[in-house]
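Chemist: Fold the following.
(one chain, ligands or ions: 1)
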Amino acid sequence: MSLENKVAVVTGASSGIGKETALKLGRAGAKVALLARREEKLKAVASQIEDNGGEGLVLKTDVTDESQVRSAIERTAGTYSRIDILVNIAGLGIFKPVEKMSIDEWNKQVDVMLTGAFMATHYALPHIYRLKKGRVLFVTSLWGPVKTAADCSAYNAAKAGVSALASALREEIREKALEVGVSEIRPGTVATEFFDKAEYKGSVNPDRVLHAEDVADAILEAISSRNPIAHNVVELEGTNPPY
Ligand SMILES: NC(=O)c1ccc[n+]([C@@H]2O[C@H](COP(=O)([O-])OP(=O)(O)OC[C@H]3O[C@@H](n4cnc5c(N)ncnc54)[C@H](OP(=O)(O)O)[C@@H]3O)[C@@H](O)[C@H]2O)c1
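Modeler: Model prediction:
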């Protein structure tokens, strides 16, 4: 699918994988709605997109707040009269053993990554279905759908849930016979600010892991693929042990 003049909504666009994806979408000619909570960072991404000749729409949004998600989607559709692509990237990691993880911490992981992705998809889908053609992407992880690890219960559960959401949605779209591709991108370790925020105890050797750009490349490839079935599930492994 050509990205020229397509309208893409990206959650988690203020940093890391979401920021790189938004920049690449902008460079490929798409108009990009940028969703996250840190507005200053979104504005910086939008100006980088504009410096490259593209268009970025800053929509300060907490993906756990239904009214903010609905309003961001409606503002995108209102501004550009269409939505072709949704990329669900917003996420965070809280890594603790089950007995030490508070209910609030559990809920936060699930609310941002699983329910947040569901709500953005729920509100964006009618716009994509109206065009009968488009793409919905979910950034999950190798952790959850493929492997699990100690101290990762909520993260693994939320990402496995997103993976199930993606497959169920794929079946619904198959039944509707629409040209809407649903891709799940499962990266291994990526060198972003994710690990600083997560107070991750392990070490990430930036020379041996993926970078945000690598994941953004895979996302762009899935979106622009002629046949999205070829990109239903894409796994990306770095060489940092264990992933
Ligand atoms: N880094 C890795 O090793 C790795 C591996 C596999 C999968 N992933 C997944 O990749 C995605 C992006 O992570 P990253 O590595 O790029 O880390 P990052 O730089 O920390 O990006 C996380 C993004 O999520 C947004 N976000 C968090 N909570 C939000 C909320 N309540 N509402 C709206 N946006 C929210 C953040 O924006 P604000 O703070 O501005 O809201 C930020 O833009 C996540 O889903 C993560 O689970 C990462």
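
Chemist: for this protein, which spans come out with low pLDDT?
Modeler: 239-243 (pLDDT under 70).

Chemist: rerun that using 80 as the cut-off
Modeler: Scanning the chain for pLDDT under 80 picks out 199-204, 206, 238-243.

Chemist: So which elements touch the lengthiest helix in it?
Modeler: Criterion DSSP state H: the longest helix present in the chain is helix 153-176. Packing partners of helix 153-176 (3 or more Cβ pairs under 8 Å, 6 or more residues apart in numbering; DSSP states H and E): helix 103-109, helix 116-131, strand 133-139, strand 179-187. (Each C-beta comes from the backbone N, C-alpha and C, glycine too.)

Chemist: could you redo the last one with a cut-off of 10 Å?
Modeler: Judged by 3 or more Cβ pairs under 10 Å, 6 or more residues apart in numbering; DSSP states H and E, the packing partners of helix 153-176 are strand 85-88, helix 103-109, helix 116-131, strand 133-139, strand 179-187, strand 233-236.

Chemist: out of those, deepest packed?
Modeler: With neighbours taken as mean count of other Cβ atoms under 10 Å, the helices and strands packed on helix 153-176 reach their highest mean count in strand 85-88, at a mean of 28.

Chemist: Give me the sheet partners of that strand and which way each runs.
Modeler: strand 7-11 (parallel), strand 133-139 (parallel) (DSSP bridges).

Chemist: Now for the nearest residue to residue 235 once chain neighbours are set aside: which residues touch it?
Modeler: Among residues not flanking residue 235 along the chain, residue 186 sits closest, at 4.7 Å (Cβ to Cβ, 6 or more residues apart in numbering). Contacts for residue 186 (Cβ atoms under 10 Å, 6 or more residues apart in numbering) come out as 138-147, 159, 163, 215, 218, 233-237.

Chemist: How about the residues of the protein by the ligand?
Modeler: Counting by Cβ under 6 Å from any ligand atom, the residues of the chain close to the ligand are 11-12, 14-18, 36-38, 41, 61-64, 89-92, 112-113, 139, 141, 187, 189-190, 192-194, 197, 212.

Chemist: which of those residues count as buried?
Modeler: 11-12, 14-18, 36-37, 41, 61-64, 89-91, 112-113, 139, 141, 187, 189-190, 192, 194, 212 (16 or more other Cβ atoms under 10 Å).
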